[in-house]
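Peer 1: using only what follows, build the 3D model:
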Amino acid sequence: MTAGSRGDVAPYTGLGYALSRTGHEVTLVTHGCFERLVADSGVRFHSLPLDPRAELESERGRNLHRSGTGLGKLVRVVGLARSLAGSLTDDMLAAARSSDALLLAPSTAPLGRVIAEGLSLPSIELPLQPLAPTREFAPAMLGGGSWGSLPNRVGGHAVNLAIERVFSAAVPDARARLGLPRDKVRGGRRGRPAGTVLHGFSPLVVPKPHDWGPHLRVTGYWWPYDGPAQLPPELGDFLDAGPPPVFVGLGSATVPDPAGLSAEVVRAVRAAGLRAVIQRGWGGLAAAGDDVLTIDEVPHSALFPRMAAVVHHCGAGTTAAGLRAGVPAVPVPIQFDEAFWGARLVSLGVAPRVLALRRFTADALAAALRQATGDPSYGHRARALADSLRAEDGTAPVLEAVRRLGG
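Peer 2: Next up is the predicted model:
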């Protein structure tokens with residue numbers, strides 16, 4: 001069960017495929033607009049209401065851009081999500097009633113825990129980013145870094161309470177419908193999961209913090225199910241017509257001025273003497289020319305290995321795809337955990353610097369692209385890390401945890 005943008009869904013398609021290959025009947029419960037992501041994967045689909053893209057493009061969604069800090073954006077998105085959370089209850093309950101176990105993304109976990117309790121079902125939580133409080137770094141959802149040992153941990157608890165706040169109206173309603181005590185809190189205190197939490201990122205990218213308990217595990221990445229990953233003919237022709245281009249895309253992130261940002265990107269790419277593949281995404285980026293091609297959704301697993309570098313917003317899924325491809329990156333984080341992943345790419349030596357969207361210019365991007373593509377050390381480190389990531393099997397711990405649920 002997951003809710004949110006494409007990046008909150010795609011990794012679970014690969015995990016679901018792996019589970020189905022071992023004989024489990026798997027249903028992905030998420031927004032209807034993502035149904036085609038699981039086509040041919042052997043994973044069933046149960047639709048949740050809402051179109052997350054439409055919500056981001058609404059007046060309330062556009063208000064996110066009015067906040068200049070991670071905390072401000074978090075406050076605004078909690079308010080937006082809280083007004084919508086209750087609409088998920090009916091479909092989450094319906095899907096759960098025909099299930100033997102619930103696998104919960106953070107975006108559904110507070111409500112999913114209640115449903116699991118009410119139906120006496122086991123559950124496992126499967127976050128794509130580190131959410132449990134730690135002294136080792138500040139909350140990933142607020143950009144990471146470090147505020148100091150105690151503030152880091154306190155901030156982590158505050159972020160988890162904010163996530164719980166999203167469901168502050170939906171959870172009491174669900175408890176009442178399931179005949180549960182209204183004031184009961186599982187897991188010792190509100191905001192803390194009671195059982196197993198398996199994180200879908202690599203310990204080579206974010207090692208497990210030393211102050212995390214044994215129930216918090218870092219498994220390795222869950223790669224999206226791409227099926228027979230093929231590129232459209234027009235894209236294939238463009239790639240074959242010249243040297244490897246750079247990829248520029250912001251995934252499911254929206255931006256205040258798509259046309260202006262697109263023009264800056266083209267100026268930067270041309271100043272760096274490169275070609276570019278620009279992904280339209282939810283932000284609506286677009287450009288045209290002999291040296292630039294605009295595309296819609298294509299499998300990153302097929303496209304990224306053919307790039308000279310990837311410029312992206314550093315969502316957890318896109319960050320993973322770039323690392324898997326073994327190509328240098330130029331991070332352009334926009335909100336929430338994206339600055340955290342961008343800083344990780346720099347610390348791993350596969351990206352020269354982070355370009356925050358509010359300070360984004362053609363000159364800055366051109367300089368970063370020259371460095372990422374011109375200094376061979378970035379490519380060497382990216383390829384070495386990719387080789388190590390491919391040797392991991394992030395799905396194996398999840399498969400074992402699910403097996404243990406059955407006794």
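Peer 1: all the strands of the stretch 51-200 of the chain, residue numbers only.
Peer 2: 102-104, 123-125, 197-199 (DSSP state E, counting those that start in this stretch).
Peer 1: downstream neighbour of the last one in the secondary structure list?
Peer 2: Meaning strand 197-199. Heading C-terminal from strand 197-199, the first helix or strand you meet, by DSSP states H and E, is strand 216-218.
Peer 1: contacts for that following strand?
Peer 2: Strand 216-218 is contacted from outside by 132, 196-199, 201-203, 206-208, 397, using CB atoms under 8 Å, 6 or more residues apart in numbering. From N, CA and C alone the C-beta is placed, and that goes for glycine too.
Peer 1: spit out the contact partners of residue 356.
Peer 2: Contacts for residue 356 were tallied using CB under 8 Å, 6+ apart; they are 332-333, 339.
Peer 1: export these as a markdown table, with columns for neighbour count, pLDDT and secondary structure.
Peer 2: Putting the contacts of residue 356 into a markdown table (neighbours: other CB atoms under 10 Å; pLDDT from 0 to 100; DSSP: H, G, I helix; E, B strand; the rest coil) gives the following:
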| residue | neighbour count | pLDDT | secondary structure |
| --- | --- | --- | --- |
| 332 | 27 | 95 | coil |
| 333 | 26 | 92 | coil |
| 339 | 22 | 93 | helix |
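Peer 1: and of the residues you listed, the nearest to residue 163?
Peer 2: In terms of CB to CB, no member of the contacts of residue 356 lies closer to residue 163 than residue 339, at 18.1 Å.
Peer 1: touching, that closest one and residue 144? I think so.
Peer 2: Yes: if you go by CB atoms under 8 Å, residue 339 and residue 144 touch, sitting 6.5 Å apart.
Peer 1: now the helices: where do they sit in the stretch 201-350 of the chain?
Peer 2: All helices of the stretch 201-350 of the chain, identified by DSSP state H, counting those that start in this stretch, fall at 233-240, 258-271, 300-303, 316-325, 338-347.
Peer 1: list the helices and strands the shortest one packs on?
Peer 2: Contact analysis of helix 300-303 by 3 or more CB pairs under 8 Å, 6 or more residues apart in numbering; DSSP states H and E lists helix 316-325 as its packing neighbours.
Peer 1: let me see the mean pLDDT of the helix it packs on.
Peer 2: pLDDT averaged over helix 316-325 equals 95, rounded to a whole number.
Peer 1: what does stretch 210-225 give?
Peer 2: Per-residue pLDDT values over stretch 210-225 give a mean of 95.
Peer 1: same question, stretch 33-53
Peer 2: Here stretch 33-53 scores 85 as its mean pLDDT.
Peer 1: same deal with stretch 91-106?
Peer 2: 94.
Peer 1: repeat that for stretch 147-165.
Peer 2: In the prediction, stretch 147-165 has an average pLDDT of 91.
Peer 1: pLDDT-wise, which helix or strand of this structure ranks last?
Peer 2: Of all regular secondary-structure elements in the chain, judged by mean pLDDT, DSSP states H and E, the least confident is helix 59-62 with a mean of 57.
Peer 1: who touches the closest residue in space to residue 231 that isn't next to it in sequence in this structure?
Peer 2: Taking CB to CB, 6 or more residues apart in numbering, and ignoring the residues beside it in sequence, residue 231 has residue 302 as its nearest neighbour in space, at 5.5 Å. Contact analysis of residue 302 by CB under 8 Å, 6+ apart lists 226, 229-231.
Peer 1: cool, residue 198 as well?
Peer 2: Under the criterion of CB under 8 Å, 6+ apart, the neighbours of residue 198 are 124-126, 217, 219, 397-398, 401.
Peer 1: state the pLDDT value of it.
Peer 2: Each residue has a pLDDT score; the one for residue 198 is 97.
Peer 1: on that earlier part again, tabulate the helices of the stretch 201-350 of the chain (JSON lines), appending distance to residue 21.
Peer 2: Shown next, in JSON lines, are the helices of the stretch 201-350 of the chain (distance: least, CB to CB, whole Å):
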{"stretch": "helix 233-240", "distance to residue 21": "29"}
{"stretch": "helix 258-271", "distance to residue 21": "40"}
{"stretch": "helix 300-303", "distance to residue 21": "18"}
{"stretch": "helix 316-325", "distance to residue 21": "20"}
{"stretch": "helix 338-347", "distance to residue 21": "29"}
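Peer 1: mind listing the strands for the stretch 251-400 of the chain?
Peer 2: Under DSSP E, counting those that start in this stretch, the stretch 251-400 of the chain gives strands at 276-279, 292-295, 309-312, 329-331.
Peer 1: let's have those in CSV, adding distance to residue 103, mean neighbour count and mean pLDDT.
Peer 2: Written out in CSV, the entries for the strands of the stretch 251-400 of the chain read as follows (distance: least, CB to CB, whole Å; neighbours: other CB atoms under 10 Å; pLDDT from 0 to 100):
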stretch, distance to residue 103, mean neighbour count, mean pLDDT
strand 276-279, 29, 24, 96
strand 292-295, 32, 19, 96
strand 309-312, 27, 28, 97
strand 329-331, 29, 30, 97
